[in-house]
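Undergrad: quick one, what's the 3D model for this:
(chains A and B)
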There are 2 protein chains.
Amino acid sequence: MPKELTTRAEDYAQWYNDLVINADLAENSAVRGCMVIKPYGYAIWEKMQSALDRMFKDTGHANAYFPLFIPKSFFTREASHVEGFAKECAVVTHYRLKNDEKTGEMVVDKTARLEEELIVRPTSETIIWHTYKNWIQSYRDLPILINQWANVVRWEMRTRLFLRTTEFLWQEGHTAHETRAEAMEETLKIINLYADFTENWMGLPVIRGRKTESERFAGALDTYAIEALMQDGKALQCGTSHFLGQNFAKAFDVQFTNKHGKLDWVWATSWGVSTRLMGALIMGHSDDNGLILPPKLAPTQVVIIPIYKGNDELDEISKIAQHLKKKLEEDSVTVKYDDRDTHKPGWKFTEYEMKGVPVRLALGPRDIKNKTIEVVRRDTLEKISMPQENIIEYVKKLLEDIQSNLFKKALVFRNNNIFKTDNYQEFKDILHEKGGFILAHWDGSSETENLIKEETKATIRCIPMDEEQEKGKCIFSGKNSSQRVLFAKAY
Amino acid sequence: MPKELTTRAEDYAQWYNDLVINADLAENSAVRGCMVIKPYGYAIWEKMQSALDRMFKDTGHANAYFPLFIPKSFFTREASHVEGFAKECAVVTHYRLKNDEKTGEMVVDKTARLEEELIVRPTSETIIWHTYKNWIQSYRDLPILINQWANVVRWEMRTRLFLRTTEFLWQEGHTAHETRAEAMEETLKIINLYADFTENWMGLPVIRGRKTESERFAGALDTYAIEALMQDGKALQCGTSHFLGQNFAKAFDVQFTNKHGKLDWVWATSWGVSTRLMGALIMGHSDDNGLILPPKLAPTQVVIIPIYKGNDELDEISKIAQHLKKKLEEDSVTVKYDDRDTHKPGWKFTEYEMKGVPVRLALGPRDIKNKTIEVVRRDTLEKISMPQENIIEYVKKLLEDIQSNLFKKALVFRNNNIFKTDNYQEFKDILHEKGGFILAHWDGSSETENLIKEETKATIRCIPMDEEQEKGKCIFSGKNSSQRVLFAKAY
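TA: Predicted coordinates for the structure are as follows:
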C-alpha cells in the first residue's frame, strides 16, 4: 500500500490480477498452480456457499463426504470419463518418507509403494457410483440427492487466481434416479437453480443452454451450462449440470428393481459450481478503483468512517456511529466502524473502495453540527449528504438498490454485447473488434465447430434454452440449421 | 434391516462399529482407511461445524484456505515437526497418467515426475507459516487469527470409522502474535472454547490439561488438550491447542518490527478438532438400542409417527401432526413427520431409536379421541401420554431437559470413574478391572511415563489445569511429585 490498479483499458488481465491481490482476495502459493484464499476472499466464498447450500437443501438435497483419493482403476471404467479426467492429475504413488542413510535428506521410501496408485479426485463420479452400488437395490432407495463441498485437483499448466487453479474448491451434486425423465428434470432444476443464484445473488445475468457434444462433460449424455459475459467481452461458464444417463450406473454396475419388479440401470446427474464463481463476480462488476460487490455477498455491507481531530471530536462521532451500527445490525446489516487511528480517512476511503464495500458512511464535525452524514455508494461512487434522522431506512433501501442496480447494469452491458449475424466475415469482425456473445447459425457438426474455433478462438458456449427455433444457414458451411447457437471467446 | 446391534457388554468395539453403520453415519470406502461420511452423519458434523464456526468468529477469527499440497522440503525446516508428521503420509510424485502403448492400460507417465514431491497435508503449519512470512512485517500486521476447515491425510495402519481414518475432516486454527503472553492467552482461550463446545453442545464433560513432553504436538512448546471418558472406561482426546512459541517463525523466517522498532520472531499457536469428535459423541452417550444425540446437535430433534388403519384415520392424524410440526418449527425445533406407508410404526420406532432422534411423538386413533399424544424421550426411553394442549411447550422443555440430562449423566459416569491412588499395584488393578481415569503422582520424567505405558498401556492424558497442587511420591519411581496427573488407556 498505497495500492494501485492497472486500468481495465490498459491491460484487462493485469487489472484482474492486481485487483485479486490488492483487494486481499487470494494469492499464489508456494505450490505451483495452487492458491491461498485469504480471509476476505474466503468470507465472500462463504456467503456464496451459504446461499447455495440453503438452495440445495430447500430442493431436497443433503450433504455428504466421499474420499479425496480415487483408485486409478476406477477411472478406466467409464471410457470417455477417463480421457477427460484421469490424464492431468495428481498421482499418489507412495505412503512414506524416510531419511536417506547417506545424505540424511528426506526421501521417498521405495518400499512404501502403493499397489495401485491413487488419484487425487478431479471430480467424484467414479468413487461415488462405486459407493452407490451398495446403497441402491430397489426403487425404494431412490432418488438419492447428495451434494458434496470439497476440494478437487486438476493439473493445469496455465493457471489464474480463481479462474483456473490446480486445486479449487467446489460443490458437486451426484443424484440417482429411477427414470430418465426424473434425472432430466433434476438436471434442469439445478441449472435453473444456478441461474437463480448467479442472477439474484451475484447480480450477473446468465444465458442457460445445452453444450455441444465436444464441450460436454466427459461421461455425460448432455451438459447444461450457464454463461455470463465479462466486461472484456469474454464469456465465463459459471456452472454446469450434467445428465449422465445410465453411463455411470453401467460402469459401476448399479442396478435396481423397479416398480414393475424388473432390473434396470440407475439414471444419474451430476452438477457443480466452484471458486471460479469468485472470478466471475470480480470481473462482472468491478471497476478501476477496485472490487464492486453485490450487497447480498458482501462480508461487510456498510463501513462507517470518522473524520476527526482530537479525541473529543472522535468521542462525539463514535457515539453516533456506534448507535447507527447497532441499529443497522438489528436489521441484519453487516457494519464495520473503522476508527483505527493508524490510517487517515482518505486512505480508508480508498481501501474500502478497493474491497468493494457497498456503502460507505462518513461522519465529520460538520455532520455532527448539522445532524447529517455523508453517504457514498460503491457501485456509482455517488456521494450525498443525508440527514441522520432517516439514515437507517435509507441505507437499507440503498443496499437493495445497489443489488438490483448491479444486475441491471450487467444486463444492459450483456444485452448490448449480444450480436446476431448471418455472415462469417462479420462474425470474425465482431469477435476481433468488440468481443461479446454472437448468436449465429451452425450446422450442428463438431467439424465446423472446430474449424471456427481454430480460426477465431470462439467456441460454442451453448445452445440457448430460451432462444426461439429459427431456420437458417450455418455461417461457416452454409448448411441448414434450426436454431442460432451462442458463440464467444471464453475464459 | 432389521438392524441389530452387538451389545456394549458383549463387544464394545463391535457395538461401536455396528452403530456407526446401522445409524447410517459412515462406512468404509474403496480406499483403504478412508471413510464415506453418509448424509445423516454429515448432518451432525455440519451442526458441530456451525456451532464451532460461530464460536471462532465471535472470538475474532476468520476463515481462509491454504493448499492441500505441501512441498516435501517444507517439513524438514522444523526438526521435530518432520519426525511427527512427514513420515507416514500420502506422497504425490507424478502429475500425469497415460495409456501404456503395449498393454493399453493406464499407467503413470514417467516423464511427468515432479521435481519435488508434494505431501498431502497432514497438518498445515508449514505451508501457512511460509505464507505468513509475506503477510507480516510489523506489529501492525498482528495478530493474525485464522482458521481453516479442511481435509487432511495421515497414513494410518489401523483405522476405525471417525476415530482414526487416513483422511479426516477438521478445522485447524493458526494464529500469529506479537508476544509470548498473547500467544499463550490464545492457546488457553481456545482450549476453553473447545471445552465449552464439548460440554455445552456435545454434552460431554472434559478434563482440560497440559500434555507431557512425549505427548506434545511435534513442533510445539506446549500442548493443551481436553480429555473425555468413554463408556468403556477409555479416554478420548477431543481437541488440542498448541503453544508453538517461535519455532515455526524461526523455521520459516518470519520476523516483525515490534513496537520498540526492534526485529523479533513472531509467536504462534495452532489448534484443531476433527471428525474424531463424531466418535466421542457416539461413544459418550449411546446405548444398546442405538445412537443418543444431544438435541443441540440432532439433525432431527422430533419425529412424529402416525399409527393408523386406513386413509381416514391417517387424514385426521396428519392434520394434527402437520399442525404440531408447524408450531414446533416456528420455535426453531427441527421436526420430521414420517407418514411413509412403506414401513410399520414399530419399524419406525426402532429406526429413530437407532438414529438417536431425541423426542418421538406418536399419534393413534385413541389419541385423536382423547386429544392426547404419546411422547418418548430417547435418552431414557420413558414413555408418557400427554394432553395435546400444551405439547409444544412440553416438547421444547423436554429437549432442554434431554440436553442437560445427557451432560449430567455423562458427568456422573465420569466422576464415578475417576480414581485416586498412591499405589502402583492398585493403579494396575483399577486399569485392569474398571478402566477410567486415574489421578496419580508422577515424577515428571519421560522414562517413567514410558515404563508405565509399556507395562499397563495407560498414558498420561494430561496434567490437569483444574487440579490442585499436592505434594506426593511418584507411584512408579517413588520420587517427588508436585501434582497428580491424569492417566488412562486411550483411543
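Undergrad: flag every buried residue along the lowest-mean-pLDDT helix or strand in chain A.
TA: For chain A, scoring each helix and strand by mean pLDDT, DSSP states H and E identifies helix A:79-85 as the least confident one, at a mean of 77. Neighbour-count burial for helix A:79-85, counted by 16 or more other CB atoms under 10 Å in any protein chain shown, picks out A:His81, A:Val82, A:Gly84, A:Phe85. For glycine as for every other residue, the C-beta is placed from the backbone atoms N, C-alpha and C.
Undergrad: same deal with stretch A:336-344?
TA: A:Tyr337, A:Asp338.
Undergrad: quick check: mean pLDDT of the helix or strand containing A:Ile191?
TA: Per DSSP states H and E: A:Ile191 is located in helix A:180-200. Helix A:180-200 shows a mean pLDDT of 98 in the predicted model.
Undergrad: again, but for stretch A:373-384
TA: pLDDT averaged over stretch A:373-384 gives 98.
Undergrad: likewise stretch A:60-71?
TA: pLDDT averaged over stretch A:60-71 gives 98.
Undergrad: that stretch and chain B, any residue contact?
TA: Yes: using CB under 8 Å from any CB of the partner chain, stretch A:60-71 comes into contact with chain B via A:Ala62, A:Asn63, A:Ala64, A:Tyr65, A:Phe66, A:Pro67, A:Leu68, A:Phe69, A:Ile70, A:Pro71.
Undergrad: in a markdown table, list those along with neighbour count and secondary structure.
TA: Shown next, in a markdown table, are the residues of stretch A:60-71 next to chain B (neighbours: other CB atoms under 10 Å in any protein chain shown; DSSP: H, G, I helix; E, B strand; the rest coil):
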| residue | neighbour count | secondary structure |
| --- | --- | --- |
| A:Ala62 | 17 | strand |
| A:Asn63 | 19 | strand |
| A:Ala64 | 23 | coil |
| A:Tyr65 | 25 | strand |
| A:Phe66 | 27 | coil |
| A:Pro67 | 28 | coil |
| A:Leu68 | 26 | coil |
| A:Phe69 | 26 | strand |
| A:Ile70 | 29 | strand |
| A:Pro71 | 21 | strand |
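Undergrad: and of those, the nearest to B:Leu361?
TA: A:Ala62 (23.0 Å; CB to CB).
Undergrad: so where do the helices sit in chain A?
TA: A:12-22, A:39-58, A:72-75, A:79-85, A:125-135, A:180-200, A:247-251, A:276-285, A:310-330, A:345-354, A:365-370, A:391-416, A:424-433, A:446-456 (DSSP state H).
Undergrad: residue contacts, the residue in the stretch 201-350 of chain A positioned nearest to chain B?
TA: Taking CB to the nearest CB as the measure, the point where the stretch 201-350 of chain A comes nearest chain B is A:Thr342, at 6.3 Å. Contacts for A:Thr342 (CB atoms under 8 Å, 6 or more residues apart in numbering or on different chains) come out as B:Arg140.
Undergrad: also A:Asp287?
TA: With contacts defined as CB under 8 Å, 6+ apart, A:Asp287 is in contact with A:Arg8.
Undergrad: beta-bridge partners for it, please?
TA: A:Gly290 (DSSP bridges).
Undergrad: residue ranges with poor pLDDT in chain A?
TA: A:1-2, A:86 (pLDDT under 70).
Undergrad: give me the most central residue, it.
TA: A:Leu277 (1.5 Å; CA atoms, centre = their mean).
Undergrad: nothing else from me, thank you.
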